[in-house]
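>>> please find the sequence and the predicted model below.
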There are 2 protein chains.
Amino acid sequence: MSQPFDIAVIGATGTVGETLVQILEERDFPVGTLHLLASIESAGQSVPFRGKNVRVREVDEFDFSKVRLVFFAAGEQVTLAYAPRAHAAGCALIDLSGALPAEQAPRVVPEANAELLKSLSAPYQLSSPSASVTALAVVLAPLHGLLTLQRLSVTACLAVSSQGREGVVELARQTAELLNVRPLEPRFFDRQIAFNLLGQVGPADDAGHTLLEKRLADELKQILADPALKVAATCVQAPVFFGDSLSLSLQSATKVDLKAVCAALDSAPGIERVEPGDYPTAVGDAVGQDVVYVGRVRNGLDDPTELNLWIASDNVRKGAALNAVQIGELLIKHYL
Amino acid sequence: MSQPFDIAVIGATGTVGETLVQILEERDFPVGTLHLLASIESAGQSVPFRGKNVRVREVDEFDFSKVRLVFFAAGEQVTLAYAPRAHAAGCALIDLSGALPAEQAPRVVPEANAELLKSLSAPYQLSSPSASVTALAVVLAPLHGLLTLQRLSVTACLAVSSQGREGVVELARQTAELLNVRPLEPRFFDRQIAFNLLGQVGPADDAGHTLLEKRLADELKQILADPALKVAATCVQAPVFFGDSLSLSLQSATKVDLKAVCAALDSAPGIERVEPGDYPTAVGDAVGQDVVYVGRVRNGLDDPTELNLWIASDNVRKGAALNAVQIGELLIKHYL
């Protein structure tokens, strides 16, 4: 094991933060002292780490010069409030909230753009992208050189856990109400999510796009270093607790060789390709796994220059917590 | 009311057949004698029509020369077995199973290709297409002349009722088992459908496409009379009881004028367009309604020649039963 690093995790009581702490332990991340931080409401709780309960302290009172690496796994507001302090104290920081612009904290998916770090300097500020982008980047990285990608259309069916614990609780509550034939009262989501699909996540701008959709396109283009790629994204809230499902249609300039695509996917890190005939699902395959599942590898029905894929990925794990820890591993191995 | 027609409905005890009989009554279809038919297993049951219970008789013993119009709302095997007898008896027939090839029984969505009937002759053999095609055809008909459509990519999230009663029962049973923390035993679907999405419906061919996806493409191109349209389709089984949700991406040869698109949608029959900012859902809007809901009308994020739409439609009603009755109305008004 390399030298231990004192680190901090902000938002350690949330869905992603809790998983992140678990993954630090699972992967034997060289943690010296682990500082768990949260807003004043969650401070005082405890989170298990290496057989002990680590008490969560209030972020506002934390001295960031005590650590060398900070994970921001709380909301955007928390990142905006405390990232400048962490940065000024000389900490490397990895943000999971998407709050920091790419110019300041570029998006990194180690399987796709680990090389990007070479062009940066300390103190490092990096972001783990939104969950569906992490999955897309893992899958597209090995295909990007193989295909002459021109256009990408994705329908991303997102788990309610992408909205944190409240999303999970709301789907469970609504489902139980409906099964017990009680009147439905949507609270967290503005309408019925149980046994329904919500075709828009968050408000849309004047052009009709949501922040999540614009972020998906921007982050993906940055990670693939392909600003000319044309992206159409529809983010949908699905009545699924954990695991994102992505229906992807890619347009190449030339005929897509499916054998070469399968070979590239099979030899790339972080991907489990499911053989034709079978197909992966979020719940049955992806949840709890580190890899991104890809199946239904096929051309368009009428077009050999088109490639269609079905992707299932654990939104909390590879989509967020694991990817952030992998960025941390990259940092401590080569850069800190 | 026009002269009454003696008609037969085969499969009257199924999800679609039952709704079809309801709609015949609702729309005051000029029914003389209504013959309800089913396989030997369902014969003997009763279905309400105009305040009376109509007994379901065995199809095998039916004399088709007693009626002028037959709806085939049972499975493909039943259509294949009895359509020749109905046709030989001189009946007009409307098939909902998809079993008959388009050359024999062309697909009709009255809002899109009612004119097709002019080129046919009695005894008429027509098909109502699969539910997602009905919704797509209603929406694309007014856009087809406006845009120079080149390519269409659709992710169709289908309700379990598209598999009939067994699909509905299975989703309810699996959901109850999971909520009660009992072990899950998939029966009708081959894996967990509750709180999950199944990215493939039915077996795939060697090229990776399912019958449903190929049918979607073929039927849509036939209805739009556009054999050159390139279609990519992914049909997904969603944990939704009733109502299909379609995420649609269209590629035009030229810039898409969103105002013209909205105007065309607004003036077309059978469509309810939802204003930007809001969006339709299967459960909240479409189920129980005759119209197809369209929302999220927008360009691609990076491409003004692209049009993205979100469609919600009642798969049992407009997707099947209502569309078949509308075909019947066309027939009796102009052709029988």
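Received it, and whenever you're ready, just let me know what you need.
>>> quick check: can you list the domain ranges of chain A?
A:5-129+A:320-335, A:133-315 (automatic domain parsing).
>>> in a markdown table, list the ones you listed along with mean pLDDT, distance to residue B:106 and mean neighbour count.
Where C-beta positions appear, they are placed from N, C-alpha and C, glycine not excepted. Formatted as a markdown table, the domains of chain A follow (pLDDT from 0 to 100; distance: least, Cβ to Cβ, whole Å; neighbours: other Cβ atoms under 10 Å in any protein chain shown):
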| stretch | mean pLDDT | distance to residue B:106 | mean neighbour count |
| --- | --- | --- | --- |
| domain A:5-129+A:320-335 | 96 | 47 | 19 |
| domain A:133-315 | 96 | 20 | 21 |
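>>> residue B:325: which of these is closest?
With Cβ to Cβ as the criterion, residue B:325 lies closest to domain A:133-315 of these, at 26.3 Å.
>>> which residues touch the closest residue to residue A:295 other than its chain neighbours?
Using Cβ to Cβ, 6 or more residues apart in numbering or on different chains and skipping residues adjacent in sequence, the residue nearest residue A:295 is residue A:274, 3.6 Å away. Residue A:274 makes contact with A:280, A:285, A:293, A:294, A:295, according to Cβ atoms under 8 Å, 6 or more residues apart in numbering or on different chains.
>>> residue A:29 now?
Residue A:29 makes contact with A:23, A:325, A:328, A:329 under the criterion Cβ under 8 Å, 6+ apart.
>>> tell me the one of those nearest residue A:130?
Each of the contacts of residue A:29 was scored against residue A:130 by Cβ to Cβ, and residue A:325 proved nearest at 16.7 Å.
>>> give me the phi and psi for the closest residue to residue A:22 other than its chain neighbours.
Nearest residue to residue A:22, sequence neighbours excluded (Cβ to Cβ, 6+ apart): residue A:321, at 7.8 Å. Main-chain torsions, residue A:321, degrees, to the nearest 10: phi -60, psi -50.
>>> quick one: residue A:321 from chain B, how far?
Computed with Cβ to the nearest Cβ, to the nearest Å, the distance linking residue A:321 and chain B is 21 Å.
>>> who wins for proximity to residue B:206 among the domains of chain A?
Proximity to residue B:206 (Cβ to Cβ) singles out domain A:133-315 among these, at 7.8 Å.
>>> okay if I get the domains of chain A as TSV plus distance to residue B:221?
Output for the domains of chain A, formatted as TSV (distance: least, Cβ to Cβ, whole Å):
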stretch	distance to residue B:221
domain A:5-129+A:320-335	37
domain A:133-315	9
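>>> out of those domains, which is closest to residue B:154?
Residue B:154 lies closest to domain A:133-315 among the domains of chain A, at 8.9 Å (Cβ to Cβ).
>>> in chain A, which spans are helices?
Residue ranges of the helices in chain A, as given by DSSP state H, are A:15-26, A:76-88, A:110-113, A:131-144, A:165-179, A:211-223, A:258-267, A:322-330.
>>> could I get those in TSV, plus columns for distance to residue B:96?
Listed next are those as TSV, based on distance: least, Cβ to Cβ, whole Å:
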stretch	distance to residue B:96
helix A:15-26	44
helix A:76-88	50
helix A:110-113	47
helix A:131-144	37
helix A:165-179	29
helix A:211-223	36
helix A:258-267	35
helix A:322-330	47
